[in-house]
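Q: Build the 3D model from these lines:
(one chain, ligands or ions: 2)
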Amino acid sequence: MIVAIDGPSGTGKSSTSKAVAAQLGLSYLDTGAQYRAITWWMLNNGVDVADPDAIAAAAGKPSIVSGTDPLAPAISADGVDASGPIRTPEVTAAVSAVSAVPEVRERITELQRTIAAKAGGGIVVEGRDIGTTVLPDADLKVFLTASAEARAARRNGELKAADGKPVSDLAATQQALAARDKADSSRKTSPLKKADDAVEVDTTELSLEQVVECVVTLVEKAAAGKTGPAGSREKAAR
Ligand SMILES: Nc1ncnc2c1ncn2[C@@H]1O[C@H](COP(=O)(O)OP(=O)(O)OP(=O)(O)O)[C@@H](O)[C@H]1O
Ligand SMILES: Nc1ccn([C@@H]2O[C@H](COP(=O)(O)O)[C@@H](O)[C@H]2O)c(=O)n1
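A: Ligands and ions are numbered 1, 2, ... in the order given. Predicted coordinates for the structure are as follows:
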């Protein structure tokens, strides 16, 4: 069972994917963390992240290793735990430029396909291009959305909870999310896009628990279709 969960920033992909994977005993892969880890490595190793040629030349250098336990997600670059530093504002500001470079995408996409192929019991993979490019034959594709206001409010709540300090105003957060989505949607290689056969779930008015319940139901339907009578291997997403 391969589940692809895509969508813009702050729509709940990570929270939903981890909870669904944990509930159903599936592995979990956070592909955004991989792009963040390679960006963090470049920032630490003197690569000019404003220069696509420099990024392309460095794309194959770091070893990026991802854990797939939804209860303990892990990510390292050259053997160094990167799970904290990849969430800094510096990495968030640079990641869209780094992830737009085709050599970076090629490298990370190959890693993602290898991890998915090795996940014997099934996996939930979340990102921006999983249903369209990385795993186009996924058993279920979900595309999460939410209003710009809801996403900004969620992100501010998260930042506040992280260090207890006041965060930037909602309008600034909303602007930052919109800028990242614009960059991710408009790049040439593998942009953020809903796959034609994905189920779109608007989470604006739903609690996280409701979104998880909805996706678990979709996975169960897809699994029933996979193992049902001959010829019934229909995607639940259709
Ligand atoms: N349905 C929901 N209702 C309220 N809050 C939610 C909901 N889903 C997620 N959240 C909260 O919103 C914040 C962002 O969620 P999450 O990190 O899962 O989004 P994301 O789509 O993975 O974002 P990004 O792509 O930027 O990493 C988190 O604090 C999470 O707890
Ligand atoms: N499949 C993906 C996943 C992520 N990206 C890029 O990484 C950035 C960070 O993602 P988060 O989910 O951790 O916020 C994102 O803004 C994209 O630039 C990607 O390109 N493809």
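
Q: Where does D181 fall, secondary structure wise?
A: With elements taken from DSSP states H and E, the one containing D181 is helix 170-186.

Q: Can I get that helix in PDB? Just the C-alpha atoms.
A: As requested, the backbone C-alpha atoms of helix 170-186 are provided in PDB (Å, rounded to 0.1, in the frame of the first residue of the first chain):
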ATOM      1  CA  LEU A 170      -0.800  36.700  10.500                       C
ATOM      2  CA  ALA A 171      -0.400  38.800   7.300                       C
ATOM      3  CA  ALA A 172       3.400  38.300   7.300                       C
ATOM      4  CA  THR A 173       3.000  34.600   7.800                       C
ATOM      5  CA  GLN A 174       0.400  34.400   5.100                       C
ATOM      6  CA  GLN A 175       2.700  36.300   2.800                       C
ATOM      7  CA  ALA A 176       5.600  33.900   3.500                       C
ATOM      8  CA  LEU A 177       3.500  30.800   2.900                       C
ATOM      9  CA  ALA A 178       2.200  32.300  -0.400                       C
ATOM     10  CA  ALA A 179       5.700  33.100  -1.600                       C
ATOM     11  CA  ARG A 180       6.900  29.600  -0.900                       C
ATOM     12  CA  ASP A 181       3.800  28.100  -2.700                       C
ATOM     13  CA  LYS A 182       4.300  30.300  -5.700                       C
ATOM     14  CA  ALA A 183       8.000  29.300  -6.000                       C
ATOM     15  CA  ASP A 184       7.100  25.600  -5.500                       C
ATOM     16  CA  SER A 185       4.200  25.700  -8.000                       C
ATOM     17  CA  SER A 186       6.000  27.700 -10.700                       C
END
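
Q: For it, could you pull out the residues that count as buried?
A: Burial within helix 170-186, assessed by neighbour count using 16 or more other C-beta atoms under 10 Å, is assigned to T173, Q174, A176, L177, R180, D181, A183, D184. In this view, the C-beta of every residue, glycine as well, is placed from N, C-alpha and C.

Q: go on, stretch 210-222?
A: V211, V212, C214, V215, L218, V219, K221, A222.

Q: Could you measure from the fourth one over to I115?
A: In this case it means V215. Here the distance between V215 and I115 works out to 20 Å (C-beta to C-beta, to the nearest Å).

Q: For this protein, give me the ranges with low pLDDT.
A: 159-167, 227-238 (pLDDT under 70).

Q: let's see 90
A: Using pLDDT under 90 as the threshold, the predicted model of the chain has low-confidence ranges 120-121, 155-170, 225-238.

Q: which residue is nearest the middle of it?
A: In the chain, the centroid-proximal residue (C-alpha atoms, centre = their mean) is G127; its distance is 2.4 Å.

Q: can you pull the contacts of W40?
A: Contacts for W40 were tallied using C-beta atoms under 8 Å, 6 or more residues apart in numbering; they are A77, A82, P85, I86, T88, V91.

Q: So which bits of this structure are right by ligand 1?
A: Taking C-beta under 6 Å from any ligand atom as the contact definition, the chain meets ligand 1 at 7, 9-15, 32, 154-155, 157-158, 203, 206-208, 211.

Q: Any residues of the protein in contact with ligand 2? List them.
A: Taking C-beta under 6 Å from any ligand atom as the criterion, the chain approaches ligand 2 at residues 9, 31-33, 35-36, 95-96, 99, 127-130, 180, 184.

Q: Pull out the buried members of these.
A: Among those, those that count as buried by neighbour count (16+ other C-beta under 10 Å) are 9, 31-33, 35-36, 95-96, 99, 127-130, 180, 184.
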